[in-house]
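Undergrad: What follows is a protein structure lacking sequence information:
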């Protein structure tokens, strides 16, 4: 990070205007490795305030909570700061427990007992439990959380449509936002729309190692799709979208855009 960026970030913190990102490898610096990158790295070019990308590869809503990362963000946010929360890719069930899975279900009070690799039984909670707790803690500090659904995988059907139906964590993210009064962005749908406009052949080039992690160019498209979701909603986050961000393509006119 250079001196100019540090000055901008510290100045923004003093004014209470900064956006923090909490998520997994699809958002994180370096993505899933091997030349991939997360979309959070490309969001800042579209905003008037700095971005601090605290997304970490391999994390779920549960592990991000248990490792103290949500608490760390909550400790430093100021009133008026934004926090974008996006999980789901690593939250599925596992046996033995992998430290990332959530209890199945959308109930805040739903729990499960799972067994670790060493035979220890532990209690875990649902995806909404971890997300809602993070949101309410941030709101108590005066921050403005935005709950975003996970991105789709690069899997298509024969008609040129993203194949997979939204995973249950997309619904859970929406429910968590509704229950806490937070802004919700259906990032899954906006990315799917963008990809279908671009076509499978081009989108395939965005995935150099697997069907989950994007190249820098693909990550930029995913960032643009998130901005389109913001601009189509009512969040005050729209006020920090700059002129370049205001022109990100919509569903009907999405054009190929290189990462910058």
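TA: Structure received. As the structure is a computational prediction, the values presented were derived from the model and not from experiment.

Undergrad: all helices of the stretch 151-260 of the chain, in order?
TA: 168-180, 187-198, 200-204, 216-231, 243-246 (DSSP state H, counting those that start in this stretch).

Undergrad: Columns mean pLDDT and mean neighbour count on top of these, output as a markdown table?
TA: Using the backbone N, CA and C atoms, a C-beta is placed for each residue, glycine as well. Compiled in a markdown table, the helices of the stretch 151-260 of the chain are given as follows (pLDDT from 0 to 100; neighbours: other CB atoms under 10 Å):
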| stretch | mean pLDDT | mean neighbour count |
| --- | --- | --- |
| helix 168-180 | 98 | 21 |
| helix 187-198 | 95 | 22 |
| helix 200-204 | 95 | 14 |
| helix 216-231 | 98 | 24 |
| helix 243-246 | 97 | 13 |
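
Undergrad: Now render these as TSV, adding distance to residue 159.
TA: Formatted as TSV, the helices of the stretch 151-260 of the chain follow (distance: least, CB to CB, whole Å):
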stretch	distance to residue 159
helix 168-180	21
helix 187-198	10
helix 200-204	10
helix 216-231	21
helix 243-246	32
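
Undergrad: In contact with the residue sitting nearest the centre point of the chain: list those residues for me.
TA: The residue lying closest to the centre of the chain (CA atoms, centre = their mean) is residue 86, at 2.8 Å. Neighbour list for residue 86: 21-24, 26-27, 55, 147-151, 173, 187 [criterion: CB atoms under 8 Å, 6 or more residues apart in numbering].

Undergrad: do residue 182 as well
TA: 135, 139, 145, 146, 147, 176.

Undergrad: and the two most separated of these?
TA: Put simply, by CB to CB the two of these set farthest apart are 139 and 176, 12.5 Å from each other.

Undergrad: Strands of the stretch 51-200 of the chain, residue ranges please.
TA: Using DSSP state E, counting those that start in this stretch, the strands found in the stretch 51-200 of the chain span residues 51-53, 82-86, 111-115, 121-125, 144-148, 183-185.

Undergrad: now for these, which one comes closest to residue 100?
TA: Using CB to CB, those put strand 121-125 closest to residue 100, at 9.8 Å.

Undergrad: what is the orientation angle of the closest one with strand 111-115?
TA: Angle, strand 121-125 to strand 111-115, by axes from the mean of the first three to the mean of the last three CA atoms, to 10 degrees: 150 degrees.

Undergrad: Could you spell out the sheet neighbours of strand 121-125, each with its direction?
TA: strand 111-115 (antiparallel) (DSSP bridges).
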